[in-house]
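No letters, just coordinates:
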Ligand code: MG
């Protein structure tokens with residue numbers, strides 16, 4: 001099942017079940033009597049209400065509404081760096097990685113950083129250019145995990161029981177800030193640096209290991225990978241993060257980008273105003289954003 005956050009022309013925002021093939025939606029409030037919550041509340045109550053989410057009739061046309069970011073978490077998104085071998089190699093070779101030990105390419109342990117929730121924008125919303133603070137704007141197509149049942153000390157074996165669903169993130173990065181400031185936060189967390197969506201595919205009917213992740217810039221294919229190529233897989237990431245940090249319903253873990261980012265090219269292909277970044281994940285859909293003037 002796919003779940004979206006939608007805004008109608010009257011400015012009302014609500015959660016809805018989506019059928020991407022027929023491009024239609026059903027407001028959750030019409031399927032669960034009395035439900036007026038947002039996606040965070042739907043995720044929290046999921047086990048109680050999911051049986052009631054049975055779309056009736058043809059639904060409403062998606063083209064008449066705006067698809068917003070599916071979920072804005074209550075705290076920073078957990079993100080993972082250098083989590084595909086070939087990307088770790090291109091990042092190392094680029095000279096932009098000031099975080100690695102001498103000679104190290106793939107990390108020994110997961111590299112975890114965060115992005116503030118204020119970075120989030122929806123599909124088709126413009127990515128701010130931030131021309132006064134960066135000349136080196138880059139994209140990173142990523143597969144993202146939405147936590148359902150929270151917990152601390154979650155084992156790898158139990159990890160998928162804590163996953164609510166999956167979505168797509170563009171981990172936008174200012175390479176100069178990432179390099180110059182060593183800690184990645186500034187380069188990763190500028191306003192608007194987290195396009196996310198278009199919706200969440202729930203975990204119950206999603207083949208996560210074989211999901212494909214692809215990214216185009218202005219129609220040119222730049223990145224293509226399968227989720228099972230992750231160096232640290234989803235259960236390992238959940239076990240690592242939750243070891244000492246209690247994960248909560250609605251937390252988002254962004255799992256890392258494959259080879260083919262802008263700094264992987266010689267010379268680097270940084271994003272400019274007007275460039276369009278499109279990311280597709282099989283079984284979810286497409287996240288598309290243009291860089292603003
Ligand atoms: Mg990334």
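Good, I have the coordinates. These numbers were taken from a predicted model, which means no experiment stands behind them.

neighbours around residue 219, how many?
7 (other Cβ atoms under 10 Å). Quick note: C-beta positions are derived from backbone N, CA and C, even for glycine.

What backbone torsions are found at it?
Torsion angles at residue 219 (phi, psi; degrees, to the nearest 10) stand at phi 90, psi -10.

for residue 182, same thing?
Dihedral angles of residue 182 (phi, psi; degrees, to the nearest 10) stand at phi 60, psi -60.

ok, now how distant is it from the ion?
Computed as Cβ to the ion, to the nearest Å, the residue 182 to the ion distance reads 16 Å.

Next up, the contacts around that residue.
98-99 (Cβ atoms under 8 Å, 6 or more residues apart in numbering).

Over to the one 10 residues further on?
Applying Cβ under 8 Å, 6+ apart, we find residue 192 in contact with 119, 121, 125-128, 172.

Strands - which of the residues you listed land there?
residue 121 (DSSP state E).

List buried residues within the contacts of residue 192.
Neighbour-count burial (16 or more other Cβ atoms under 10 Å) applied to those gives 119, 121, 125, 127-128, 172.

from memory residue 35 sits against residue 16, does it?
No - using Cβ atoms under 8 Å as the test, residue 35 is too far from residue 16 to be in contact (11.2 Å).

Next, show the common contact partners of those two.
Contacts common to residue 35 and residue 16, judged by Cβ under 8 Å, 6+ apart, are residue 28.

So between these two, which is more surrounded?
Legend: neighbour count by other Cβ under 10 Å for residue 35 and residue 16, higher for residue 16 (24 against 18).

so the nearest residue to that one once chain neighbours are set aside bridges to which residues?
Leaving out its chain neighbours, the residue that sits closest to residue 16 by Cβ to Cβ, 6 or more residues apart in numbering is residue 25, at 4.2 Å. Here residue 25 sits in beta bridges with residue 18, residue 60, going by DSSP bridges.

How about residue 66?
With DSSP bridges as the rule, residue 66 is bridged to residue 7.

Next one: it relative to the ion, how far apart?
Distance from residue 66 to the ion, by Cβ to the ion: 26 Å.

distance between the ends of stretch 170-180?
Start-to-end span of stretch 170-180 (Cα to Cα, to the nearest Å) is 22 Å.

In contact with residue 99, which residues?
Residue 99 touches 81, 111, 182, 184, counting by Cβ under 8 Å, 6+ apart.

most surrounded residue in those?
Counting by other Cβ under 10 Å, top hit in the contacts of residue 99: residue 81 with 24 neighbours.

Serialize the contacts of residue 192 to a markdown table and add fields for pLDDT and distance to the ion.
Formatted as a markdown table, the contacts of residue 192 follow (pLDDT from 0 to 100; distance: Cβ to the ion, whole Å):
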| residue | pLDDT | distance to the ion |
| --- | --- | --- |
| 119 | 98 | 12 |
| 121 | 98 | 16 |
| 125 | 98 | 19 |
| 126 | 98 | 20 |
| 127 | 98 | 15 |
| 128 | 98 | 18 |
| 172 | 98 | 9 |
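
I'd assumed residue 97 was in a strand, is it?
No - judged by DSSP: H, G, I helix; E, B strand; the rest coil, residue 97 forms no part of a strand; its state is coil.

which one is whichever residue of the stretch 101-250 of the chain sits closest to the ion nearest to, not counting chain neighbours?
Across the stretch 101-250 of the chain, the shortest distance to the ion (Cβ to the ion) belongs to residue 171, at 3.5 Å. Take residue 171 and drop its neighbours on the chain: the residue closest to it by Cβ to Cβ, 6+ apart is residue 140, 3.9 Å away.

hang on, isn't that neighbour packed against residue 257?
Yes - at 3.6 Å, residue 140 counts as touching residue 257 under the criterion of Cβ under 8 Å.

The two - which one has more neighbours?
Taking neighbours as other Cβ under 10 Å, residue 140 and residue 257 compare with residue 257 leading, 31 against 24.

of the contacts of residue 99, closest to residue 12?
Distance to residue 12 across the contacts of residue 99 (Cβ to Cβ) is lowest for residue 184, with 37.0 Å.

pLDDT score assigned to that closest one?
pLDDT for residue 184: 94.

Backbone torsions only: list them for it.
Residue 184 adopts backbone torsions of phi -80, psi -10, taken as degrees, to the nearest 10.

Setting the sequence-adjacent residues aside, check what's closest to it.
Distances taken as Cβ to Cβ, 6+ apart place residue 113 nearest to residue 184, at 4.6 Å, with adjacent residues excluded.
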